[in-house]
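Asks: build the 3D model from these lines:
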Amino acid sequence: MTGQRTHTIDRGVAEGRELRRLLETGPFADALRAAIRARGLGLDRIRYRLRGRGCSVSLATLSHWQSGRCRPERPESLLVLKNLEEVLGVPPESLSRLLGPPRGRAARCTVPGEGLVMPRGRDT
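Replies: Numbering: from 1, shown residues only. Now for the predicted structure:
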């Protein structure tokens, strides 16, 4: 093995350990970001795979979730999160349980003009 390959393998193992730790302890945004990085998919590709499962979510929403700007709380968003866990290949409810109790209405994601989940066929 070359030094570069060994370094890449070591980094992958470390990232796997970090993902497992974050899925156990949170916070949600950090765990989601680590799961996305570990899966190696861009947000657009994740969105495409979610759409194939009947879930439509904006790129901005996915970005806000992973940055911690907002988090899924509405029933439709929690359904998207369940499918997102499957797309990312993390254990069921590993991200969902990091959300904790719902926050107050003022703390929810409020991006003007942005819908989290839209019926099929209305996506722009």
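Asks: so what does the residue sitting nearest the centre point of the chain look like in phi/psi?
Replies: With distances taken as Cα atoms, centre = their mean, L32 lies nearest the centre of the chain, 4.3 Å away. L32 adopts backbone torsions of phi -60, psi -50, taken as degrees, to the nearest 10.
Asks: for it, which non-adjacent residue is closest in space?
Replies: Q66 (4.8 Å; Cβ to Cβ, 6 or more residues apart in numbering). The way it works is simple: take the backbone N, C-alpha and C, and place the C-beta from them, glycine included.
Asks: for the one you found, which residues are in contact?
Replies: Shown in contact with Q66 (Cβ atoms under 8 Å, 6 or more residues apart in numbering): 29, 32-33, 36, 43.
Asks: now it: which helix or strand?
Replies: helix 59-67 (DSSP states H and E).
Asks: go on, A38?
Replies: Going by DSSP H and E, A38 is in helix 28-39.
Asks: for that helix, list every residue counted as buried.
Replies: If you call a residue buried by 16 or more other Cβ atoms under 10 Å, then helix 28-39 has these buried ones: 28-36, 38-39.
Asks: so what touches stretch 94-105?
Replies: For stretch 94-105, the surrounding residues in contact (Cβ under 8 Å, 6+ apart) are 23, 26-28, 31-32, 35, 71-73, 78, 81-82, 84-85, 88.
Asks: at 10 Å instead, please
Replies: Residues from elsewhere that reach stretch 94-105 (Cβ atoms under 10 Å, 6 or more residues apart in numbering): 19-20, 22-32, 35, 65, 70-74, 78, 81-82, 84-85, 88, 91, 93, 108.
Asks: and the buried residues of helix 28-39 as a markdown table, adding pLDDT?
Replies: Converted to a markdown table, the buried residues of helix 28-39 look like this (pLDDT from 0 to 100):
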| residue | pLDDT |
| --- | --- |
| F28 | 97 |
| A29 | 97 |
| D30 | 97 |
| A31 | 97 |
| L32 | 98 |
| R33 | 97 |
| A34 | 97 |
| A35 | 97 |
| I36 | 97 |
| A38 | 95 |
| R39 | 94 |
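Asks: distance to T61 added to those, as JSON lines?
Replies: Shown next, in JSON lines, are those (distance: Cβ to Cβ, whole Å):
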{"residue": "F28", "distance to T61": "14"}
{"residue": "A29", "distance to T61": "13"}
{"residue": "D30", "distance to T61": "17"}
{"residue": "A31", "distance to T61": "17"}
{"residue": "L32", "distance to T61": "12"}
{"residue": "R33", "distance to T61": "14"}
{"residue": "A34", "distance to T61": "19"}
{"residue": "A35", "distance to T61": "16"}
{"residue": "I36", "distance to T61": "13"}
{"residue": "A38", "distance to T61": "20"}
{"residue": "R39", "distance to T61": "18"}
